[in-house]
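> Structure, please.
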Amino acid sequence: MLKMTTGDRVMSITIYIVLTILAFVTFYPFWNALVISFNSGIDTMKGGITFWPRVFSLDNYEIVFQDSRILNGFFISILRTVIGTATAVMFTAIFAYGMSRKELIGRDYYMIFCVVTMFFSGGLIPTFLLIRGLGLFNTFWVMIIPGLVSVWNMIIFRTFFQGLPAGLEESAKVDGCGYWGTFFRIILPLSGPVIATLSLFTAVYHWNDWFSPSIYISDQKLLPIQTMLQQILSSNIMTEQMAQADSTAAAHMQKLKSVSTKSLSMATMMVATIPIICVYPFVQKYFVKGVLVGSLKG
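Numbering: from 1, shown residues only. Next comes the predicted model:
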């Protein structure tokens, strides 16, 4: 074991201090929002809430979960994330497998067309007209179909497929497998790390996306939780809106008086954020291999 010099010790201590400060700066806003969500709304309006709730209260979460709009938005977000992630990863993987075949005629030209779309788009208005012309406006599928294929994810998939031993596919062809059989029986089972990583990235996108539903959906029953949260954060009359939306609001007026817009916003933010955070530990071990695969081969 090498003996550390005084300079090495100073450098190590400095690095640990800097990393600790960065970790604190990164984590504190989330922790503060969590603390405020468990604090009494009236007390929150006084300010000064830092590391611990000053007046602990569950009224914020109780009101949030009593609002049928929040629960419906939560369900829509879950449905969108599950369906959107599964379909996007599958369609993108199929597309990438085709693009990775050397026998594909015009493969280089197709690749150029795909890359161009990463830098240029039609803009919001043409996209809106296209969505409306396809009959997707104000439907659940407007959050799914436009994101079925990601060029960036396709490139990562394609690079990973090209790095697999050619002998695997040759053996599959000898055994009578066609392209579909080879893809589903050989390629996909070997693509666990990249599938897990890109599935997480896709799921985070679907869960956090609030902009596209706010543009293409006007039906309140189809809005995901993030779009509702954005509307709540931009509104100064949240408690009044909840009271009007709740058919039993009269029975909860006392609790509504004990909360504030900020405390309710933080509680809603926690409800919308924590589920997707819980997914990270399950796929963390795949990150390095899955993300860096695109840098191994151009």
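> Residue ranges in this structure under the pLDDT threshold?
Within the chain, the ranges that satisfy pLDDT under 70 run 1-2, 233-259, 283-298.
> Check the gap between the most centrally placed residue in the chain and Ile78 for me.
For the chain, the residue nearest the mean C-alpha position is Val204 (1.1 Å; Cα atoms, centre = their mean). Note on Val204: its distance to Ile78, by Cβ to Cβ, to the nearest Å, is 14 Å. Quick note: C-beta positions are derived from backbone N, CA and C, even for glycine.
> List phi and psi for Asn39.
Torsion angles at Asn39 (phi, psi; degrees, to the nearest 10) stand at phi -100, psi 150.
> Distance of it relative to Pro275?
Distance, Asn39 to Pro275, using Cβ to Cβ: 22 Å.
> who has more neighbours, these two?
Comparing Asn39 with Pro275 by other Cβ atoms under 10 Å, the one with more neighbours is Asn39, at 25 against 15.
> So what's the residue count around the closest residue to Phe30 other than its chain neighbours?
Spatial nearest neighbour of Phe30, excluding adjacent residues (Cβ to Cβ, 6 or more residues apart in numbering): Thr273 at 7.7 Å. Neighbour count of Thr273, defined by other Cβ under 10 Å: 18.
> which residues touch Phe56?
38-40 (Cβ atoms under 8 Å, 6 or more residues apart in numbering).
> Go ahead and confirm Leu198 touches Phe157.
Yes - between Leu198 and Phe157 there is a contact at 7.2 Å, judged by Cβ atoms under 8 Å.
> Show me whatever sits in contact with both of these two.
Thr92.
> How about stretch 197-216, which residues are buried there?
197-204, 206-207, 209-210, 212-214, 216 (16 or more other Cβ atoms under 10 Å).
> before we move on, what about stretch 270-278?
270-273, 276.
> Output the contacting helices and strands for the helix or strand where Trp180 lies.
Using DSSP states H and E, Trp180 maps to helix 179-182. Where contact means 3 or more Cβ pairs under 8 Å, 6 or more residues apart in numbering; DSSP states H and E, helix 179-182 is packed against helix 166-174.
> circling back: ok, the residue nearest to the centre of the chain - contacts?
Contacts of Val204 (Cβ under 8 Å, 6+ apart): Ile276.
> Quick one: the helices in the stretch 51-200 of the chain, in order.
In the stretch 51-200 of the chain, the helices defined using DSSP state H, counting those that start in this stretch lie at 59-66, 68-99, 107-119, 124-133, 151-162, 166-174, 179-182, 192-208.
> what's the second one packed up against?
Helix 68-99 sits against helix 107-119, helix 151-162, helix 192-208, helix 225-233, helix 261-277, with contacts defined as 3+ Cβ pairs under 8 Å, 6+ apart.
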